[in-house]
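Undergrad: I would like the atomic coordinates for the input below:
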Amino acid sequence: MQTGSGVHCDVRPVDDCLVVHPTGVLNLANYASLRGTLLKCAVEQPRALVVDLADLEVEGECLLSVFAAVWLRTCDWPSVPLLLAGSAERLPRRTALRRYVSVHDTLEEALAHVDQPPPCRRATRVLPAAPGSPRLARAFVRRVCDDWSVPEQAVHTAVQVASELVTNTVSHARSEARLRLELRCDMLTVAVSDDDPTPVVLRDPGAAPQEGTGLLVVAQLARTWGCVPDRGKGRKVVWAVLTTSE
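TA: This next block holds a predicted model:
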């Protein structure tokens with residue numbers, strides 16, 4: 001997988017983890033591309049994302065912040081552990097990066113330190129690009145949340161968020177909406193993927209009603225939310241994390 005000028009990434013599954021092996025020189029020209037590649041891997045929700053840095057050269061220490069940036073974008077959702085391998089000696093002991101990611105001497109050591117994530121319950125539903133899909137999404141979310149014994153207030157919020165996200169897909173992406181619910185500990189994630197890689201934009205509150213104001217509702221209701229586009233595959237995922245604790 002080519003990430004940009006001078007860096008190539010080999011991605012392979014190992015023990016339910018995704019191991020990314022970048023080779024080449026990390027610089028300002030390919031910083032964003034490497035970040036995008038890692039985010040796309042995280043969206044696949046492996047047990048962990050392990051980056052083997054044994055064959056990656058870095059033009060400047062500041063560029064290592066790419067891994068902190070990936071952690072910040074994924075710590076709430078999809079909540080995939082990020083580990084670095086083959087890099088312990090190359091990272092200063094006092095670097096802030098060590099506060100966010102686990103650093104190990106070898107790939108084997110990194111894989112051995114991958115903890116089992118908390119149990120996660122998951123449900124999915126594919127909805128057509130049709131006006132009735134938001135209604136179907138609301139019914140699906142309510143039924144699943146009831147099955148999972150989610151508190152009523154959180155159910156109400158999840159129903160509203162799912163409705164807004166599916167409405168946005170049907171209205172703007174004009175593709176089927178792939179709705180996914182995940183419950184881990186007291187965090188409920190509502191995610192919708194579609195076949196339009198254009199990132200969603202949070203409009204100004206004073207914009208016309210049809211100009212993305214549904215996302216304002218999502219932003220107000222969610223603990224955090226985001227969008228991960230994948231232009232290579234022509235799709236994106238918009239997600240929101242809700243707290244279920246009362």
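Undergrad: in stretch 158-176, what's buried?
TA: In terms of neighbour count (16 or more other CB atoms under 10 Å), stretch 158-176 has its buried residues at 158-170, 173, 175-176. Glycine gets a C-beta too; all of them are placed from N, C-alpha and C.
Undergrad: Check what contacts that stretch and list those residues.
TA: 126-131, 133-134, 137-138, 140-142, 145, 150, 177, 179, 181, 188, 190, 192, 194-196, 198, 200, 210, 212, 214-215, 217-218, 221-222, 238, 240, 242 (CB atoms under 8 Å, 6 or more residues apart in numbering).
Undergrad: Recalculate using a threshold of 6 Å.
TA: With contacts defined as CB atoms under 6 Å, 6 or more residues apart in numbering, stretch 158-176 is touched by 126, 128-129, 133-134, 137-138, 141-142, 145, 177, 188, 190, 192, 194-196, 214, 217-218, 221, 238, 240, 242.
Undergrad: any idea how far residue 50 is from residue 102?
TA: 9 Å (CB to CB, to the nearest Å).
Undergrad: So for those two, which residues contact both of them?
TA: residue 83.
Undergrad: The two: who's more crowded?
TA: Using other CB atoms under 10 Å as the criterion, residue 50 and residue 102 rank with residue 50 on top: 26 against 17.
Undergrad: Looking at strand pairing, list the partners for that one.
TA: Note on residue 50: beta-bridge partners by DSSP bridges are residue 19, residue 83.
Undergrad: Let me know whether it touches residue 17 as I believe.
TA: Yes: with contacts counted by CB atoms under 6 Å, residue 50 reaches residue 17, the gap being 5.5 Å.
Undergrad: Could you look up the next helix or strand downstream of the helix or strand of the chain with the lowest mean pLDDT?
TA: Lowest mean confidence among the helices and strands of the chain (mean pLDDT, DSSP states H and E): strand 2-4, at a mean of 58. Sequence order places strand 7-14 as the next helix or strand after strand 2-4, per DSSP states H and E.
Undergrad: In that next one, which residues are buried?
TA: Buried residues in strand 7-14 (16+ other CB under 10 Å): 7, 9, 11.
Undergrad: Including distance to residue 44 and pLDDT, could the residues you listed go into CSV?
TA: Listed next are the buried residues of strand 7-14 as CSV, based on distance: CB to CB, whole Å; pLDDT from 0 to 100:
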residue, distance to residue 44, pLDDT
7, 20, 93
9, 14, 96
11, 9, 97
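Undergrad: Of these, just say which sits nearest to residue 21.
TA: Within the buried residues of strand 7-14, the smallest distance to residue 21 is 6.8 Å, found for residue 9 (CB to CB).
Undergrad: For the protein, just list every one of the helices.
TA: Using DSSP state H, the helices of the chain run over 31-43, 65-74, 107-112, 133-147, 152-168, 213-221.
Undergrad: If I take the first one and helix 65-74, what angle do their directions form?
TA: So the one you mean is helix 31-43. Per axes from the mean of the first three to the mean of the last three CA atoms, to 10 degrees, the angle that helix 31-43 makes with helix 65-74 is 40 degrees.
Undergrad: Pull the residues that contact helix 31-43.
TA: For helix 31-43, contacts defined as CB under 6 Å, 6+ apart pick out 3-4, 7, 9, 18, 49, 63, 66, 69-70, 73-74, 78, 80, 228, 230, 237.
Undergrad: hmm, 8 Å instead?
TA: 1, 3-5, 7, 9, 11, 18, 20, 22, 26, 49, 51, 63, 66-67, 69-70, 73-74, 78, 80, 82, 228, 230, 232, 237.
Undergrad: got the domain boundaries for this structure?
TA: As assigned by automatic domain parsing, the chain contains the domains 2-112, 120-243.
Undergrad: burial of residue 98, as a residue count?
TA: 15.
Undergrad: same deal with residue 49?
TA: By the criterion of other CB under 10 Å, residue 49 has 28 neighbours.
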